[in-house]
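Engineer: What shape does this take:
(one chain, ligands or ions: 2)
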Amino acid sequence: MNVLILGSGGREHTFGWKLAQSRRLTQLFFAPGNAGTQSLGHNIDIKPEDFAAVKQAVLSFKINMVVVGPEAPLVMGIVDYFAQDPELKDVKIIGPSAHGAQLEGSKEFAKKFMIDNQIPTAKYLSVTSQNLNEGLDFLKQLKAPYVLKADGLAAGKGVLILDQLAEAQTELGLMLDGKFGQAGHKVVIEEYLHGVELSVFVLTDGISYVILPEAKDYKRIGIGDTGLNTGGMGAVSPVPFANADFMKKVEEQVVKPTIDGLKNAKIDYKGFVFIGLMNVDGQPFVIEYNVRMGDPETEVVIPRLETDLLDLFEATAEGQLPQVRMNISSKSACTVMLVSGGYPEAFEKRQVMQIPEMPAESVAFHAGTQLEQSQVLTNGGRVLSITTLHSNLEQAVKQSIELAEKVQYKDKYFRSDIGQDMMRWSAKK
Ligand code: AMP
Ligand code: GLY
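Structural biologist: Ligands and ions are numbered 1, 2, ... in the order given. Sure, this is the predicted structure:
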């Protein structure tokens with residue numbers, strides 16, 4: 001089978017690394033890919049949002065399956081585009097329809113979906129310039145801090161958490177006035193949830209589902225979860241507080257009603273559901289849905305998967321998920337993200353990288369990298385994610401950090417405290 005993976009991050013390199021282990025894989029293609037994916041297959045220089053170019057690649061390279069990494073092409077309707085094209089309709093594609101992708105593409109759609117399906121989530125009000133006063137009143141009824149979310153996709157930047165009421169009221173006005181462009185012309189105001197976050201990943205064929213390993217992501221740039229938000233600076237899996245009791249609540253109160261809700265609304269959904277959860281005193285509350293895998297969570301979730309990923313994707317596309325036997329490693333995975341100095345603000349690209357040989361338990365997944373005259377150059381904010389799988393979380397963390405120290409490029413930065421809070425949590429129990 002020939003597979004095309006859309007995207008260029010660590011998530012896509014990880015999918016490719018795992019698919020390359022399948023005996024049933026013939027050739028792998030990436031669009032556009034990065035320096036790491038080039039060692040697994042062929043990079044095609046097209047954008048995932050350019051559906052006509054994707055179609056051309058699918059036909060030229062006789063692609064049997066397309067795996068959509070990022071959310072943008074899903075929200076733009078790539079799955080519907082395939083379904084409606086006579087030449088593409090038989091190509092398997094992993095990802096939801098545009099309707100399903102609204103779970104990520106519109107915060108209001110997601111909140112309404114949760115309320116309709118009795119899925120626990122924070123209280124909210126959806127506001128436009130038409131009901132601004134209602135929004136200002138709703139803020140007054142809430143306790144600090146105040147959560148404001150731009151309704152549409154805002155490249156991970158559309159959420160504000162503010163300590164002062166006056167500030168929240170001002171920001172609400174600014175968002176509606178276009179601070180985040182079109183994405184913020186509608187704003188969801190939410191009650192703040194106090195707890196610890198975790199990410200739960202579900203793969204669904206539209207009828208049934210499998211729950212993949214959960215993960216914890218480290219979103220802030222600085223040690224001790226300080227500073228600006230990033231795309232993710234590292235991750236661990238499993239998450240020690242996600243014990244069987246908690247995960248049972250997640251499945252009963254969140255996963256089942258989500259999949260049933262999609263089915264009942266007749267939403268075509270064959271792909272990942274990434275559920276951002278807050279554990280509030282042992283009760284799960286949904287913070288957000290994403291309609292794709294997380295990055296860098298993929299870099300710890302997929303290495304723990306012992307099942308053939310091509311089998312899993314094929315069963316997803318064919319509505320046959322119950323036929324697949326899921327095997328998950330009980331080992332711990334830790335990934336440490338190396339970024340360009342300055343990220344998530346301005347940073348330089350095109351720095352020459354030296355990446356050490358990886359020992360058997362570790363893999364270097366490329367993110368923003370490119371290959372030029374057999375040299376690996378930095379090509380983005382997040383550049384390389386080093387994952388280690390080990391029977392012991394402490395060792396996994398230690399080895400990933402040691403390897404991160406050995407990588408060389410100008411202005412390298414990584415967080416050296418990935419997983420530390422989880423080790424402290426385990427030690428307390
Ligand atoms: P989102 O883009 O919806 O994931 O929000 C970004 C981040 O803001 C989340 O990962 C949480 O850390 C935080 N956040 C969002 N909503 C809430 C909430 N209702 N209560 C507390 N924290 C939140
Ligand atoms: N790491 C968070 C995300 O992929 O959205």
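
Engineer: Is it correct that Glu87 is in contact with Leu59?
Structural biologist: Yes. If you go by Cβ atoms under 8 Å, Glu87 and Leu59 touch, sitting 6.4 Å apart. C-beta here means a position set from N, CA and C on the backbone, and glycine is covered the same way.

Engineer: can you pull the contacts of Val324?
Structural biologist: Counting by Cβ atoms under 8 Å, 6 or more residues apart in numbering, Val324 makes contact with Val210, Thr307, Asp311, Leu312, Ala315.

Engineer: Kindly recompute the last result at 10 Å.
Structural biologist: Leu203, Asp205, Val210, Thr307, Asp308, Asp311, Leu312, Phe313, Glu314, Ala315, Thr316 (Cβ atoms under 10 Å, 6 or more residues apart in numbering).

Engineer: next one: Glu288
Structural biologist: Contacts of Glu288 (Cβ under 10 Å, 6+ apart): 103-104, 107, 110-111, 121, 149, 159, 199, 274-277.

Engineer: if we take those, which one ends up nearest to ligand 1?
Structural biologist: Compare each of the contacts of Glu288 with ligand 1 using Cβ to the nearest ligand atom and the shortest gap goes to Val159, at 4.0 Å.

Engineer: How about the closest one, nearest residue that isn't a chain neighbour?
Structural biologist: Among residues not flanking Val159 along the chain, Lys149 sits closest, at 5.0 Å (Cβ to Cβ, 6 or more residues apart in numbering).

Engineer: For the one you found, give me the pLDDT.
Structural biologist: pLDDT for Lys149: 89.

Engineer: Please, which helix or strand holds it?
Structural biologist: strand 146-150 (DSSP states H and E).

Engineer: re earlier: neighbour count and secondary structure for the contacts of Glu288 - can I get that in CSV?
Structural biologist: Shown next, in CSV, are the contacts of Glu288 (neighbours: other Cβ atoms under 10 Å; DSSP: H, G, I helix; E, B strand; the rest coil):
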residue, neighbour count, secondary structure
Leu103, 28, helix
Glu104, 23, helix
Lys107, 27, helix
Ala110, 25, helix
Lys111, 24, helix
Thr121, 23, strand
Lys149, 27, strand
Val159, 17, strand
Ser199, 26, strand
Phe274, 25, strand
Ile275, 24, strand
Gly276, 16, strand
Leu277, 25, strand
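
Engineer: between the residues you listed, which is nearest Met76?
Structural biologist: Glu104 (12.0 Å; Cβ to Cβ).

Engineer: how near is that closest one to Phe29?
Structural biologist: Going from Glu104 to Phe29 by Cβ to Cβ, to the nearest Å gives 25 Å.

Engineer: For Tyr409, which residues are in contact?
Structural biologist: Tyr409 neighbours (Cβ under 10 Å, 6+ apart): 338, 340-341, 348, 351-355, 369, 376-378, 383-384.

Engineer: now Thr121
Structural biologist: So Thr121 contacts 110-111, 113-115, 190-191, 193, 254, 277-278, 284-289 (Cβ under 10 Å, 6+ apart).

Engineer: Equivalent analysis for Lys62, please.
Structural biologist: Asn2, Thr26, Gln27, Val91.

Engineer: okay, these in a markdown table with pLDDT next?
Structural biologist: Shown next, in a markdown table, are the contacts of Lys62 (pLDDT from 0 to 100):
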| residue | pLDDT |
| --- | --- |
| Asn2 | 98 |
| Thr26 | 98 |
| Gln27 | 98 |
| Val91 | 98 |
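
Engineer: Please pick the buried ones from those residues.
Structural biologist: Asn2, Val91 (16 or more other Cβ atoms under 10 Å).

Engineer: Which strand residues bridge Gly222?
Structural biologist: Under the criterion DSSP bridges, Gly222 forms beta bridges with Thr226.

Engineer: Can you name the residues of this structure that neighbour ligand 2?
Structural biologist: Within the chain, the positions near ligand 2 by Cβ under 6 Å from any ligand atom are Asp217, Gly231, Gly232, Asn290, Gly294, Asp295, Glu297.

Engineer: Low-confidence stretches in the protein?
Structural biologist: Low-confidence segments of the chain, defined by pLDDT under 70, span residues 156, 183-184, 429.

Engineer: Buried residues of stretch 298-307, list them for me.
Structural biologist: In stretch 298-307, counting by 16+ other Cβ under 10 Å, buried: Thr298, Glu299, Val300, Val301, Ile302, Pro303, Arg304, Leu305, Thr307.

Engineer: contacting residues around the third one?
Structural biologist: With contact taken as Cβ under 10 Å, 6+ apart, Val300 is in contact with 14, 213-217, 234-239, 294, 332-335, 385, 387-389, 396, 400, 419.

Engineer: what residues does this protein put near ligand 1?
Structural biologist: The interface of the chain toward ligand 1, taken as Cβ under 6 Å from any ligand atom, is made up of Ala122, Val147, Lys149, Val159, Glu190, Tyr192, Leu193, Glu197, Gly276, Ile287, Glu288.

Engineer: Next one: the first one from Glu288, what distance?
Structural biologist: When Cβ to Cβ is the yardstick, Ala122 and Glu288 sit 10 Å from each other.
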